[in-house]
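> one predicted model, sequence on top.
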Amino acid sequence: MNNKGFTFIETLVGIAILLIVFIGLYGVLQLGFKVIGQSRARITATALANQKIEMIRNLSYSQVGTLGGIPSGNILETEIITRNNIDYTVKTTIGYVDDMFDGLASDDALPNDYKKVKIKVSWPGFLGDQVILITDIAPEGLETTEGGGNLLISVFDALGIGIPQADIHIVNTEVEPSINVFYQTNDQGQYLVAGAPSSTSAYQITITKSGYSTEQTYSSEEIANPEKSHATVVEGKLTEISFSIDRLANFSINTFSSWTSDNFADSFLDQSKMSEFSDIKINQGQIILATTTATTTIKYVPFGYLLSNEIVPTNIINWDQFSWTDTESAETNIKYQVFYNSGTDWLLVSDSDLANNSIGFDSSPVNLTDLSTTTYSHLKIKGNLSTNNTSTTPILFDWSISWITDESTAIGNISFNLQGNKIIGTDAQEEPVYKYSTDFTTDSNGQISITGLEWDSYDFLIDPAENLDLSNTDPISDPLGQNIDLLPDSNQLVDLFLEADNSLLITVRNSGTLEAIFSAQARLYNSGLGYDQTKFTDEQGRTLFIPIEANEYSLEIEADGHADYLGTVNVFEDETIIINLVTTGPS
């Protein structure tokens, strides 16, 4: 049985092949139209440029110049001419040339040997392009002077190397006709403005280049005592002025506290964090006494213990506290002790350094801040469970030991001033006027990127209203926060470490797993002090309140899928607190 026709898949394949063919043809046609259109536009642009040059050639030598230019004339620097519905921009640049034939300025007394005319005709749009024609216009003799002086402009980078094709903008409103003209440096980073009208401190010069810093001259009205005043041109003399620009650079800035906390914690989901135990049992995240098997009635053994793994902190500044969560009835008890590695054995920390350690602790937390981190560099914690009633047992839910490290915690929303060391002059009181001085504020994560900066040495000045002191920087600066170098075309990372008299570091964890809770909302407030701040925990479950006054504060913590916490905390100097939230399921 023969079925004639096309299947659906065959039809789709056929359509796809046709689309590929037609798209290819369309691309070829489009390219063809573009080539033809560009050719037509280029012919018109070339004709406009030739017309402009022929018009200039028919002028007397003294008339060859632009309105507001050097040399001065009646030729418009920029014109818009419409042909065939296309707007052509005709830009005319005319300048004197100092030819090497008779020497160069300053050895050449008449450096304005002849004039060079550059005509650039450009057009926009899909067919956009440009045409450039250049011609020389010479005087009737070997050379001539039309009066005025000469201004030699040099532009170099941070290493003293000349910068080619830097843009020069010159303005002088004190001569007639006034001057407002643009030039570009040559391959050696120089440009000679020959035949400039004589004028005292009136030539306003600005040097720019895409992707580079900017430098300019200033008047005494702008700055009382400018470092680089507007240029002076004297009849028949050569004035030399130099500028320094280079590629722009960036700062990536982070604001941190100079410390943070870390901890060892165990919620007893398994025995992986226990180095030794006897007569205890792990029961769904709980440590209880083991039971005897002599009878069918459950009976707990009278004693049992567990010992944690070795706790070896990194970058520790000082020990913080030992805390736990347990349940004890009147007939049960758990005593906690702290051991250290003597080098040959594990020994109890002496009572002289940790009072009552030999008999064990009942109340959580235990303050460990007085322990020497040199003598007690490695610790273990021990729990001793006991019962006087074989039908009941104490329960240990979790324990942890924390310490302060020299690592950092991000501090957000910090205001500071970034000030470069380059000055552009002094004010009426002889105080320096800095080229760059701007205020910034880091985001909520303590980060900010500042782009488009000039190479310089910069000072980071923390806003006094922050009530924070700069304790360190990376890279290291001396004095603190000052003279941090930014090289051209670089991205310099700068970490600013801040400290205050009082601060509170909160760590929020899940009570069952002791894992950090990210983006928990922590509100700390004291209505009497007028203090009320809300922050969110980071990926380590931490958030830092800094600076704050020494006092008692109310603390509220909320996290999705967890029961809310409400309590109080006393803050004196640098305090840490760990809050374990109970899981309630997704909200």
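Thanks, I have it.
> ok, Ser323 - contacts?
Ser323 is in contact with 364-366, 399-402, 578, counting by CB atoms under 8 Å, 6 or more residues apart in numbering. From N, CA and C alone the C-beta is placed, and that goes for glycine too.
> switch to 6 Å and redo it
Each residue near Ser323 by CB atoms under 6 Å, 6 or more residues apart in numbering is listed here: 364-365, 400.
> mind giving me the packing neighbours of the helix or strand bottoming out on mean pLDDT in the chain?
In the chain, no helix or strand scores lower on mean pLDDT, DSSP states H and E than helix 8-57, which sits at a mean of 77. Helices and strands touching helix 8-57, as assessed by 3 or more CB pairs under 6 Å, 6 or more residues apart in numbering; DSSP states H and E, comprise strand 86-97, strand 114-123, strand 129-137.
> just how off-centre is the first one within its chain?
Computed by CA atoms, centre = their mean, to the nearest Å, the chain-centroid distance of strand 86-97 equals 41 Å.
> partner strands of that strand, parallel or antiparallel?
Its sheet considered, strand 86-97 pairs with strand 78-83 (antiparallel), strand 114-123 (antiparallel) by DSSP bridges.
> just the pLDDT at Thr584, thanks.
You'll see Thr584 listed with a pLDDT of 87.
> coming back round to it: which one of the contacts of Ser323 sits in the busiest neighbourhood?
Per-residue neighbour counts (other CB atoms under 10 Å) across those peak at Ser400, which has 24 neighbours.
> show me where this structure dips below the pLDDT cut-off.
Of all residues in the chain, those with pLDDT under 70 make up the ranges 1-6, 27-37, 100-110, 126, 140-147, 294-296, 585-587.
> would you map out the domains in it?
Following automatic domain parsing, one gets these domains for the chain: 61-244, 260-405, 410-498, 503-581.
> tell me which of the ones you listed lies nearest to Asn254.
Nearest to Asn254, of all the domains of the chain, is domain 410-498, at 4.9 Å by CB to CB.
> ok, back up a step: in a markdown table: the domains of the chain, plus distance to Ala49.
What follows is the domains of the chain, written out as a markdown table (distance: least, CB to CB, whole Å):
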| stretch | distance to Ala49 |
| --- | --- |
| domain 61-244 | 4 |
| domain 260-405 | 68 |
| domain 410-498 | 36 |
| domain 503-581 | 63 |
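> so how far is Phe251 from Ser511?
Distance from Ser511 to Phe251, counting by CB to CB, to the nearest Å: 42 Å.
> who has more neighbours, these two?
Phe251 (20 against 17).
> with adjacent residues omitted, what lies nearest to the more buried one?
Leaving aside its sequence neighbours, Phe251 sits nearest to Ile450 (CB to CB, 6 or more residues apart in numbering; 4.5 Å).
> and what of Gln533?
Leu524 (5.6 Å).
> go ahead and confirm Asp320 touches Ser402.
Yes. Between Asp320 and Ser402 a contact is recorded at 4.2 Å, counting by CB atoms under 6 Å.
> the more surrounded of those two?
The residue with more neighbours, out of Asp320 and Ser402, is Asp320; 26 against 23, by other CB under 10 Å.
> coming back round to it: need the contact list for the residue nearest to Gln533.
533, 545, 553, 555.
> with those in mind, which one is nearest to Ala290?
Closest to Ala290 out of those is Leu555 (38.5 Å), distances taken as CB to CB.
> phi and psi next, for Tyr203.
Main-chain dihedrals, Tyr203, degrees, to the nearest 10: phi -80, psi 100.
> okay, and the beta partners of it?
Bridge pairing for Tyr203 - DSSP bridges - gives Ala231.
> and stretch 306-319, how far apart are its ends?
Taking CA to CA, to the nearest Å, stretch 306-319 runs 22 Å from one end to the other.
> show me which residues of it are buried.
Residues 306-308, 311, 313, 316-317, 319 are the ones in stretch 306-319 that count as buried (16 or more other CB atoms under 10 Å).
> go on, stretch 283-298?
Going by neighbour count (16+ other CB under 10 Å), the buried part of stretch 283-298 is 285-291.
> what's in contact with it?
For stretch 283-298, the external contacting residues (CB under 6 Å, 6+ apart) are 267-269, 279-281, 299-301, 304, 385, 393, 395-397.
> among the residues you listed, which lie within strands?
Judged by DSSP state E, strands contain the following of these: 280-281, 304, 385, 395-397.
> how about these, which pair is most distant?
Distance extremes for the ones in strands among the contacts of stretch 283-298: the farthest pair is Gly304 and Phe397 at 15.7 Å, using CB to CB.
> who's more crowded, these two?
Ranked by neighbour count (other CB under 10 Å), Gly304 and Phe397 place Gly304 first, with 23 against 17.
> and the residue nearest to that one when sequence neighbours are not counted, how far from Ile253?
Leaving aside its chain neighbours, Gly304 sits nearest to Asp279 (3.5 Å; criterion: CB to CB, 6+ apart). Going from Asp279 to Ile253 by CB to CB gives 56 Å.
> one step back: name the SS class of the residue nearest to Phe251, please.
Assigned with DSSP: H, G, I helix; E, B strand; the rest coil, Ile450 falls in the strand class.
> counting neighbours, what do you get for it?
Around Ile450 there are 17 other residues, counting by other CB under 10 Å.
> just Asp270 next, same as before
By other CB under 10 Å, 10 other residues sit near Asp270.
> distance check, the closest residue to Glu454 other than its chain neighbours against Ser154.
In space, and not counting its chain neighbours, Glu454 is closest to Ser213: 3.8 Å by CB to CB, 6+ apart. According to CB to CB, Ser213 stands 16 Å off from Ser154.
> also Val494?
Here Val494 is placed at a distance of 33 Å from Ser154 (CB to CB).
> ditto for Asn85
Noted for Asn85: a distance of 45 Å to Ser154, by CB to CB.
> between those two, which one's more packed in?
In this view Asn85 and Ser154 are compared by other CB under 10 Å, and Ser154 has more residues nearby, 19 against 5.
> so the more buried one touches Gln190, yeah?
Yes. Taking CB under 6 Å as the definition, Ser154 is a contact partner of Gln190 at 5.1 Å.
> residues contacting Ile411?
Residues in contact with Ile411 (CB under 6 Å, 6+ apart) are 255, 257, 446, 498.
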